[in-house]
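S.K.: I would like the atomic coordinates for the input below:
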Amino acid sequence: MFRITLDIEQHYNTLLENNQGYLRALAFLQYPIYCIHATILDSTPDELEILDKAILDLVKDNPTDANSISTILGVSKRAIENRIIKLENEELVENGKSITTKGRLFITEGSEKRYSRKDIDIYLDGTNNRPVSKNLAWYYSSHFISEEYYNFFTKDDGQVIIQRPFAPDLVHEPISEEKIKTSIESLNEDQKSRFGIPIGLEKIESMSYTLLTLPLLVSLSDDGKPVKQITNGLSLSGENEPITKIKKILEAKIQGLLVQLNPSKNHGPTIGTNWFEADNNDFGNNRLFYITEDEFKEFIEIEYSLTGLENENIICDKNELVLVITKKLLDRTRDKKSIIINLLRGRDYISRNPLHGVWKLFITFKTTDVLVQEICELYALCKEYDFSPPLEEVLTMKNNMKGNFRKNLIDLELNGILEKIDMKLFMNDPSEA
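M.R.: Model (predicted):
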């Protein structure tokens, strides 16, 4: 099963370094893939052909058993037995110890191709039925989502819920078995190598297939104008080489992708996209979000357990969602420490199920309130010294602070520092007596 490994902070900084703006959201797509389960006739040269010829040389004059061959060649008996089975299947040896006419021709002329029957998997792009790159097939196939995957969840009331993660965002192009066989069999050796297909594939004898999807991320950023691009979420750095062709296929459609909040009866607005209605029009091209102020306000109140959110606290721009923190709002917040941390970082992101819609939604945190800025400076000072700051510096900040210093330390859960200050201010030092 897949696991998104993208380093979000690294991706965020990479976008800034490449002048692609601030990351605002990461949407999730499932791209259609076919896995062809094929039984093939393969003539790829065997790496153990030298051993096979040595075995044939030993049995060409006198029938010789596996035990004797093993002793003469200094190879394990099991390995010799396995090679003899293969030679028998190719009709080069019979009865496990005698060479055939075909075997004699092979060691004297060495020109005849050796065929073996293999079961292999070949991965195709589901939108055009062409083989995907070897890098994508070999390194990411374990992350593909299969139509056969199911997850089972038991609710508190005992009801069992079945979740099927497979949900392609593009339609799988119908397969023609004959066309697939013909197109793969006609590939030259270089093409087979690039697609991770055995270069000696001569014929596909039979095939079946499984529907899969490849998990992809769409990075939505803002550098004064929207920047939308496919990102490889299965790579720590977002390295895109394995999905270059897929990026080109999706490039036009994702320009119309928008993040929106969809109404929900039970849990307030849910984060989604307009993927199935997205097209390359001026409206979609010129924005990242299609969200009203009322939708955003309701969403923030539920997500951060806030009450009484006012219009001055939110900015719902077409390319940025902003939460403006005032002292009044902070005092109504249950987790004040998290809000201050988000302010110092300048942002927070909200996570959702990575199978559909939007995976990460970034909210910008700002403040112009002097009292809130003081609390941020206090927390930043304590963090700079790994939460053991010099008391003199803390007391200097206390003397210049307009807000309630003691309450601020309590709200920031810095009770240890508060205790040290109280001891310094209100308890006698025995060493000074």
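S.K.: surely residue 16 is in contact with residue 22?
M.R.: Yes. Residue 16 is in contact with residue 22 according to Cβ atoms under 8 Å; the separation is 7.0 Å. Quick note: C-beta positions are derived from backbone N, CA and C, even for glycine.
S.K.: in which helix or strand does residue 340 reside?
M.R.: For residue 340, the host element (DSSP states H and E) is helix 336-345.
S.K.: which of the residues in that helix are buried?
M.R.: 336, 339, 340, 341, 342, 343 (16 or more other Cβ atoms under 10 Å).
S.K.: what is the mean pLDDT for it?
M.R.: If you average the pLDDT over helix 336-345, you get 96.
S.K.: now do the contacts for residue 141.
M.R.: 35, 121, 123 (Cβ atoms under 8 Å, 6 or more residues apart in numbering).
S.K.: residue 123 versus that one, what's the distance?
M.R.: 6 Å (Cβ to Cβ, to the nearest Å).
S.K.: quick one, helices of the stretch 1-150 of the chain?
M.R.: Using DSSP state H, counting those that start in this stretch, the helices of the stretch 1-150 of the chain run over 8-17, 49-59, 66-73, 77-89, 101-109, 134-140.
S.K.: correction: the previous question concerned the stretch 201-350 of the chain.
M.R.: Secondary structure of the stretch 201-350 of the chain, counting by DSSP H, counting those that start in this stretch: helices at 244-254, 282-285, 293-303, 327-331, 336-345.
S.K.: sorry, back to before: tabulate the buried residues of helix 336-345 (a markdown table), appending distance to residue 90.
M.R.: Shown next, in a markdown table, are the buried residues of helix 336-345 (distance: Cβ to Cβ, whole Å):
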| residue | distance to residue 90 |
| --- | --- |
| 336 | 75 |
| 339 | 72 |
| 340 | 73 |
| 341 | 68 |
| 342 | 68 |
| 343 | 72 |
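S.K.: quick check: of those, which lies closest to residue 76?
M.R.: residue 341 (61.6 Å; Cβ to Cβ).
S.K.: ok, back up a step: who has more neighbours, residue 16 and residue 22?
M.R.: residue 22 (17 against 13; other Cβ atoms under 10 Å).
S.K.: in this structure the more buried one contacts residue 222, no?
M.R.: Yes. At 5.5 Å, residue 22 counts as touching residue 222 under the criterion of Cβ under 8 Å.
S.K.: mutual contacts of those two, please.
M.R.: residue 320.
S.K.: from residue 309, how far out is residue 196?
M.R.: In terms of Cβ to Cβ, residue 196 sits 54 Å off from residue 309.
S.K.: show me which of those two is the more surrounded one.
M.R.: Of the pair residue 196 and residue 309, residue 196 is the one with more neighbours under other Cβ under 10 Å, namely 20 against 17.
S.K.: how many neighbours does the residue nearest to the more buried one when sequence neighbours are not counted have?
M.R.: Spatially, and ignoring its direct neighbours in sequence, residue 196 is nearest to residue 134 (3.6 Å; Cβ to Cβ, 6 or more residues apart in numbering). Residue 134 has 16 neighbours, counted by other Cβ under 10 Å.
S.K.: please identify the buried residues of the helix-or-strand element of the chain with minimal mean pLDDT?
M.R.: One helix or strand of the chain scores below all others by mean pLDDT, DSSP states H and E: helix 282-285, with a mean of 75. Applying a neighbour-count criterion of 16+ other Cβ under 10 Å, one finds residue 284 buried in helix 282-285.
S.K.: with stretch 390-410 instead?
M.R.: 394, 397, 398, 403, 405, 408, 409.
S.K.: could you chop the chain up by domain?
M.R.: Domains of the chain are assigned by automatic domain parsing as 8-39+118-254, 46-113, 369-433.
S.K.: now the second one: how far from the chain's centre is it?
M.R.: Right, domain 46-113. Offset of domain 46-113 from its chain centre (Cα atoms, centre = their mean, to the nearest Å): 48 Å.
S.K.: got any ranges where the stretch 151-300 of the chain has weak pLDDT?
M.R.: Along the stretch 151-300 of the chain, segments meeting pLDDT under 70 span 266-267, 280-282.
S.K.: now do the longest helix belonging to the chain: distance to the chain's middle.
M.R.: With residue count as the measure and DSSP state H as the assignment, the chain has helix 370-384 as its longest helix. Helix 370-384 has its C-alpha centroid displaced from the chain centroid by 36 Å (Cα atoms, centre = their mean).
S.K.: quick check: buried residues in that helix?
M.R.: 371, 372, 374, 375, 376, 378, 379, 381, 382.
S.K.: of all these, which comes closest to residue 39?
M.R.: Nearest to residue 39 among the buried residues of helix 370-384, with distances taken as Cβ to Cβ, is residue 379, at 64.4 Å.
S.K.: just to check, that closest one is in contact with residue 345?
M.R.: No. The criterion here is Cβ under 8 Å, and residue 379 misses it with residue 345 at 11.3 Å.
S.K.: on that earlier part again, which of the contacts of residue 141 has the most neighbours?
M.R.: residue 123 (24 neighbours).
S.K.: so who does residue 229 touch?
M.R.: 20, 218, 219, 247, 254.
S.K.: need the residues you listed in a markdown table with distance to residue 314, can you?
M.R.: Compiled in a markdown table, the contacts of residue 229 are given as follows (distance: Cβ to Cβ, whole Å):
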| residue | distance to residue 314 |
| --- | --- |
| 20 | 26 |
| 218 | 25 |
| 219 | 24 |
| 247 | 34 |
| 254 | 27 |
